[in-house]
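> Let me see the structure of the following:
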Amino acid sequence: KKKGGSQEEAVVSTQSTGEPIGDQKNWIPGGVRFTEDDILVNVLRPGQELDMVLDAVKGIGSDHAKFSPVATASYRLMPEIQLLQPFRGHLAEKLKECFSPGVIEIVDGEAVVKCARLDTGSREVLRHSELADKVKLLKVRDHFIFTIESTGALDPLDLMREAIRILKEKCKVYRKELDVLTT
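Numbers count the residues shown, from 1 in each chain. Prediction:
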């Protein structure tokens with residue numbers, strides 16, 4: 001319960017208290033609470049009062065998107081950049097400018113591929129006739145780069161581990177069904 005004072009007052013998540021239900025106190029480390037301390041819940045104007053009861057429900061993403069801790073998940077193939085001839089001087093500088101920072105570096109006056117992984121796939125180099133036929137942009141077909149963004153409820157690495165665990169379980173189920181079909 002919170003009552004506004006003589007001016008606007010912010011209500012943040014640290015001002016709430018959680019009451020564990022059943023055996024939650026045994027399996028929720030740190031007790032029932034918000035995931036972050038500085039979440040703005042409401043702003044009270046003078047004379048306003050806030051009294052609320054919050055119920056937390058654990059769900060899964062297949063029930064509703066609001067239960068999914070994944071913000072964005074994507075993958076791409078590892079880029080491969082082949083320089084078919086040496087690039088020096090102004091051509092080396094021009095080549096470097098065609099890629100994201102860190103992809104091409106100039107070493108001893110010559111352009112070299114420093115980190116192809118940083119390439120965003122812009123294909124800008126192909127717009128320049130003096131560079132286009134001297135550079136090959138490829139993808140490594142068996143090297144995947146996964147990007148997982150989290151809403152904050154779970155660490156992205158934990159999300160990946162859980163996804164792999166679920167995939168393994170599904171594979172076991174399909175393998176059993178295939179065994180039944182083949183016997």
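> Beyond the lowest-mean-pLDDT helix or strand in the chain, next helix or strand please.
Ranked by mean pLDDT, DSSP states H and E, the weakest helix or strand in the chain is strand 2-3, scoring a mean of 56. Sequence order places strand 9-12 as the next helix or strand after strand 2-3, per DSSP states H and E.
> That next one pairs with which strands?
According to DSSP bridges, strand 9-12 forms sheet pairs with strand 40-44 (antiparallel).
> Just the buried residues of the strand it pairs with, please?
Going by neighbour count (16 or more other C-beta atoms under 10 Å), the buried part of strand 40-44 is Val41, Leu44. C-beta here means a position set from N, CA and C on the backbone, and glycine is covered the same way.
> Report the mean per-residue pLDDT for the next helix-or-strand element following it.
Using DSSP H and E, the helix or strand that follows strand 40-44 in sequence is strand 49-50. The average pLDDT for strand 49-50 rounds to 84.
> can you check stretch 153-161 too?
86.
> all strands for this protein, in order.
Ranges of strands in the chain, per DSSP state E, are 2-3, 9-12, 40-44, 49-50, 70-83, 104-107, 110-113, 135-150.
> In this protein, where's the longest helix?
helix 156-182 (DSSP state H).
> Tally up the residues packed near the residue lying closest to Gly18 once chain neighbours are set aside, please.
Spatially, and ignoring its direct neighbours in sequence, Gly18 is nearest to Val32 (2.9 Å; C-beta to C-beta, 6 or more residues apart in numbering). Val32 has 15 neighbouring residues, counting by other C-beta atoms under 10 Å.
> Show the contacting residues for the residue positioned nearest the centre of the chain.
Closest to where the C-alpha atoms of the chain average out (C-alpha atoms, centre = their mean) is Glu149, at 1.6 Å. Glu149 makes contact with Val70, Ala71, Thr72, Ala73, Pro156 under the criterion C-beta atoms under 8 Å, 6 or more residues apart in numbering.
> again, only this time at 6 Å
In this structure, Glu149 makes contact with Ala71, Thr72, judged by C-beta atoms under 6 Å, 6 or more residues apart in numbering.
> so how far is Gly31 from it?
When distance is defined by C-beta to C-beta, to the nearest Å, Glu149 is 28 Å away from Gly31.
> Likewise for Ser150?
For Ser150, the distance to Gly31 - C-beta to C-beta - is 22 Å.
> So which of the two has more stuff around it?
Ser150 (17 against 11).
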